[in-house]
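S.K.: any chance you could fold what I've pasted below:
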Amino acid sequence: MAERLRIGIVVGEASGDILGASLMQALKLSHPHAEFEGIGGPLMLAQGFNSHYPMERLAVMGLVEPLKRLPELLRIRRSLKQHFITNPPDLFLGIDAPDFNLGLELALRKQGLLTAHYVSPSVWAWRSGRVHKIAKAVDRMLTLFPFEAQFYHQHNVPVSFIGHPLADKFPLQNNQQQAKDALAISGQQPLVALLPGSRGGEVRMLGEAFIETARWCLHQRADLQFILPAANEARYQQLQAMLAQRGAGLPITLIQGGSQTAMAAADVVLMASGTTTLEAMLLKRPMVVAYKMAKLSYAIISRMVKSKFISLPNLLANEQLVPEVLQDDVRPEMLGPLVLEALQNQAKRDVLDKRFTELHQELKRDASARAAEVLLKMIQHRRDETSAGQA
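M.R.: Numbering: from 1, shown residues only. You can find the predicted model right below:
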């Protein structure tokens, strides 16, 4: 396609900015003068993106904050809708931020614009009825995981599985000793990484249980050492206070940041459910996954969730490769034996390493290049249709 290329993109948080910037780079390989506009973050701006609003205006979380900001968010969406209808791009792409983007995509597609969405909402796990809105809103969904693509195939929504950017970033072989050297960890003592989450609520629910699990494990094996990476300064202070109260004297090293390095250095990881479980899998680390939330919230959400599993390794494999411990079972006498089993069962560790490598290879597809290829084919097909209609 030698013609001018113009693409609208909206991202709502840092992870979307990373995906958007990488995608822009891939598209520029064949279209160095391509134009991109909408809402982007600093990485996209560095690529020449024209952002109509700061990305931070969309980065709202929780239940109350989005309601407080709703008038502003609706005003931004109306403005973007009017702009793109008046100045139609070759394609509009929403990256994640489904609550904002799907409504915008729906409005633009009704006006005849070509639309796509990158990073599927968790419709396969809960609120699956959203797939009907998605089918009306997008010409194609781009998914990071194969099981997501299967879900859309079943609902007759055009979809492309493009792989996961993290799988492209992580090497197939993990260098554990290099990670230990980076953290100045010496000796041959087994190392357990504790990752109770990046949000305050997660740490509040899991932090003390993880510290007490370390104590339980030390009663069985006195040679263990532990590393506890805090996601940011606020989590560092929170965990430091917990250690002062519950972990005095335990061989737990608290660090700020460096969760990937801590997992790479560890022999086993005890962790909160979330995207970090994918990182642990890509690092080929045995893990025990825990999840706990307020009882009322869990009672409501557990009735809505359709998935058998909560951790990404199990979801990808469609079998229980790693143990998942939920709610009232999140206590030392349940977690401790699973941590020691993951540490000491060499046969199981070998099987996990093989399966994790297979899953890594399945996700390692040069995601940004594949996404660019899919989008360019969509645009070319639309141009061919338009040309045929005018002939």
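S.K.: nearest residue to Phe170 in space, ignoring adjacent ones along the chain?
M.R.: Leu282 (4.1 Å; CB to CB, 6 or more residues apart in numbering). Where you see a C-beta, it was placed from the backbone N, CA and C, and this is true even at glycine.
S.K.: and what of Ala14?
M.R.: Gly41 is the one closest to Ala14 (CB to CB, 6+ apart), at 6.4 Å.
S.K.: for Pro146, same thing?
M.R.: In space, Pro146 is closest to Phe161, 5.1 Å off (CB to CB, 6+ apart).
S.K.: one more: Val325?
M.R.: Using CB to CB, 6+ apart, the closest residue to Val325 is Ala290 (4.8 Å).
S.K.: ok, back up a step: what's the neighbour count on the residue nearest to Phe170?
M.R.: 27 (other CB atoms under 10 Å).
S.K.: surely it meets Thr357?
M.R.: No - applying CB atoms under 8 Å, one finds Leu282 not in contact with Thr357, separated by 9.5 Å.
S.K.: give me the number of residues near Tyr118?
M.R.: Count around Tyr118 with other CB under 10 Å applied: 27.
S.K.: same check, this time on the one 5 residues further on
M.R.: Under the neighbour criterion other CB under 10 Å, Val123 is assigned a count of 22.
S.K.: go ahead and confirm it touches Ile134.
M.R.: Yes - at 7.0 Å, Val123 counts as touching Ile134 under the criterion of CB under 8 Å.
S.K.: hmm, which helix or strand of the protein has the shakiest average pLDDT?
M.R.: Every helix and strand in the chain was compared by mean pLDDT, DSSP states H and E; the lowest is helix 64-68, with a mean of 60.
S.K.: now the next helix or strand after that one: mean pLDDT?
M.R.: For helix 64-68, the following helix or strand on the C-terminal side (DSSP states H and E) is helix 70-86. Average pLDDT, helix 70-86: 94.
S.K.: in helix 70-86, what counts as buried?
M.R.: Within helix 70-86, the residues that qualify as buried are Leu73, Ile76, Arg77, Leu80, Lys81, Phe84, counting by 16 or more other CB atoms under 10 Å.
S.K.: correct me, but Tyr207 touches Gln238?
M.R.: Not Tyr; residue 207 is Gly. Yes - with contact defined as CB under 8 Å, Gly207 counts as touching Gln238 (7.2 Å).
S.K.: look at those two and report which has more neighbours.
M.R.: Gly207 (24 against 18).
S.K.: hmm, back to that, what mean pLDDT does the helix or strand the residue nearest to Val325 falls within get?
M.R.: Using DSSP H and E, Ala290 sits within strand 287-291. Mean pLDDT, strand 287-291: 96.
S.K.: list the neighbouring strands of that strand plus their orientation.
M.R.: Looking at strand 287-291 with DSSP bridges, its partner strands are strand 268-272 (parallel), strand 324-326 (parallel).
S.K.: export the helix or strand where Glu37 lies to CSV, keeping only CA atoms.
M.R.: Counting by DSSP H and E, the element that carries Glu37 is strand 35-39. The C-alpha trace of strand 35-39 is given here as CSV (Å, rounded to 0.1, in the frame of the first residue of the first chain):
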residue,chain,number,x,y,z
GLU,A,35,0.0,9.2,10.8
PHE,A,36,-1.4,8.2,14.2
GLU,A,37,-3.7,10.2,16.4
GLY,A,38,-6.2,9.8,19.3
ILE,A,39,-5.1,9.3,22.9
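S.K.: now that strand and helix 70-86, what's the angle there?
M.R.: Interaxial angle, strand 35-39 versus helix 70-86 (axes from the mean of the first three to the mean of the last three CA atoms, to 10 degrees): 160 degrees.
S.K.: could you find the closest non-adjacent residue to Pro89?
M.R.: Spatial nearest neighbour of Pro89, excluding adjacent residues (CB to CB, 6+ apart): Gly8 at 4.2 Å.
S.K.: so who does the residue nearest to Pro146 touch?
M.R.: By CB atoms under 8 Å, 6 or more residues apart in numbering, the contact set of Phe161 is Thr143, Leu144, Phe145, Pro146, Glu148, Ala149.
S.K.: need phi/psi at the residue sitting nearest the centre point of the chain.
M.R.: Geometric centre of the chain, nearest residue: Thr275, 4.5 Å, by CA atoms, centre = their mean. Backbone torsions of Thr275, given as degrees, to the nearest 10, read phi -60, psi -30.
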